[in-house]
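1. Generate a structure from the sequence data that follows.
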Amino acid sequence: MANTTGIYALPPELILSCGEYMTPKTAFALSLTCKGLRRALTELIAEMRECCLADAVHYHELTYLAPDAKGHPRTRTYRTARALPPQPLVEAVRAGNVGLVTKALTKFHISADSYDLQAQPLVHLAVLYRHLEIVNVLLKHGADPNVTSSRLEMALDCWVTKATAEDVAVLRLLLDAGAKCAMPRLLDYRARTLDLELGLVEQMVRTGLESGLVLEELFDDQMFFQALRYASPMYVRVMVAMRPVLLQLTSLDGRGPVVYAADCNRPDMVACLVELRAWDAPPF
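-> Below is the predicted model:
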């Protein structure tokens with residue numbers, strides 16, 4: 001019959017939480033008082049190992065006899081190679097294991113802004129490996145999308161380096177969370193070339209402007225005609241919305257925007273410029 005009085009009546013979680021105020025010897029003696037506590041302690045340690053972060057970088061050390069030893073043996077020790085210890089939480093983020101990541105954040109209160117041993121934040125890893133659910137969980141638990149890695153990159157930079165039109169869900173999450181960009185030129189390039197909806201392109205452009213780009217330089221006369229040749233119609237709509245005077249420009253050889261787009265074999269751009277009422281557009 002199980003004993004339910006005295007120390008046995010205390011919940012194991014209470015004893016475990018008090019363990020940090022005891023000496024190791026006292027805590028060990030207390031852990032031997034009941035099977036339930038030992039079992040709870042074992043299970044808790046096993047769970048923590050499933051979703052923990054490594055504490056430090058480990059090195060292989062090589063000790064050898066110094067060649068200049070005179071009279072007595074002299075040894076030297078140096079680090080041969082860095083060996084990264086297991087990082088279960090990092091591997092869970094890379095693999096897209098939402099349950100394990102959620103347990104680490106909620107049950108063991110691991111910070112959502114934690115780094116791996118290569119100074120890469122968890123939210124950066126989730127973006128690089130394109131795990132939308134992991135990004136969402138980390139942001140909901142307070143991850144900062146603007147935390148920087150060892151290369152001074154932010155989460156949005158991780159998106160733009162491998163961006164495709166299929167990754168817009170991750171982009172929306174980051175922009176809605178107030179993400180900024182350390183490489184605004186690359187972000188603007190993605191906004192120009194990817195086939196995205198108007199609101200998303202406008203958000204990307206505004207984020208680039210907030211991250212250091214200058215409107216007059218970004219949307220100058222030369223850039224406008226380059227956009228007519230290479231950019232998406234949605235990007236041109238954003239350009240015109242921010243600088244309506246662009247529709248009145250003439251190229252260096254005297255062509256208007258509509259004629260220029262037609263000569264570049266861009267029927268989609270011609271239709272866009274006609275709808276926007278460029279100065280050389282035919283009347284409706």
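2. any idea of the pLDDT on Asp268?
-> pLDDT, Asp268: 91.
3. got a list of what the nearest residue to it once chain neighbours are set aside touches?
-> With CB to CB, 6 or more residues apart in numbering as the criterion, Asp268 has its nearest non-adjacent residue at 5.4 Å, and that residue is Pro233. For every residue, glycine as well, the C-beta is placed using N, CA and C. By CB atoms under 8 Å, 6 or more residues apart in numbering, the contact list for Pro233 reads Asp268, Met269, Ala271, Cys272.
4. need these in TSV with distance to Leu89, neighbour count and secondary structure, can you?
-> Rendered in TSV, the data for the contacts of Pro233 read as follows (distance: CB to CB, whole Å; neighbours: other CB atoms under 10 Å; DSSP: H, G, I helix; E, B strand; the rest coil):
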residue	distance to Leu89	neighbour count	secondary structure
Asp268	46	11	helix
Met269	47	23	helix
Ala271	50	13	helix
Cys272	47	22	helix
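5. Determine the next helix or strand in the C-terminal direction from the helix or strand of the chain with the lowest mean pLDDT.
-> Sorting the helices and strands of the chain by mean pLDDT, DSSP states H and E puts strand 75-83 at the bottom, at a mean of 59. Counting by DSSP states H and E, the next helix or strand C-terminal to strand 75-83 is helix 88-95.
6. Can I get the helix or strand that that next one is followed by as CSV, trimmed to CA atoms?
-> The helix or strand immediately downstream of helix 88-95 is helix 98-106, counting by DSSP H and E. Provided in CSV are the C-alpha atoms of helix 98-106 (Å, rounded to 0.1, in the frame of the first residue of the first chain):
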residue,chain,number,x,y,z
VAL,A,98,6.4,21.6,-33.8
GLY,A,99,5.4,19.5,-30.8
LEU,A,100,9.0,19.4,-29.4
VAL,A,101,9.6,23.1,-30.0
THR,A,102,6.3,24.0,-28.3
LYS,A,103,7.2,21.8,-25.3
ALA,A,104,10.6,23.5,-25.0
LEU,A,105,9.1,26.9,-25.0
THR,A,106,6.1,26.3,-22.7
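7. how about helix 98-106: buried residues?
-> Buried positions in helix 98-106, judged by neighbour count with 16 or more other CB atoms under 10 Å: Val98, Leu100, Val101, Thr102, Lys103, Ala104, Leu105.
8. residues in contact with the helix or strand immediately after that helix in the chain?
-> Downstream of helix 98-106, the next assigned helix or strand under DSSP H and E is helix 122-128. Residues outside helix 122-128 that contact it (CB under 8 Å, 6+ apart) are 89-90, 93-94, 112-116, 134-135, 138-139, 143-145, 147, 149, 153, 155, 158-159, 162, 170, 174.
9. What's the ChimeraX line that selects buried ones from the residues you listed?
-> To isolate the buried members of the contacts of helix 122-128 in ChimeraX, using 16+ other CB under 10 Å:
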select :89,90,93,94,112,114,115,116,134,135,138,139,143,144,145,147,149,153,155,158,159,170,174
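10. ok so, going back, can you give me the distance of the residue nearest to Asp268 to Leu175?
-> For Pro233, the distance to Leu175 (CB to CB, to the nearest Å) stands at 21 Å.
11. Can you pull out the low-pLDDT segments for this structure?
-> Within the chain, the stretches with pLDDT under 70 are 1-22, 27-38, 41, 54-85, 165, 283-284.
12. re earlier: out of the buried residues of helix 98-106, which comes closest to Ala281?
-> Set against Ala281, the nearest of those by CB to CB is Val98 (50.6 Å).
13. if I read this right, that closest one contacts Leu138, doesn't it?
-> No: counting by CB atoms under 8 Å, Val98 does not reach Leu138; the two are 10.4 Å apart.
14. what touches both of those two?
-> Shared contacts of Val98 and Leu138, defined by CB under 8 Å, 6+ apart, are absent.
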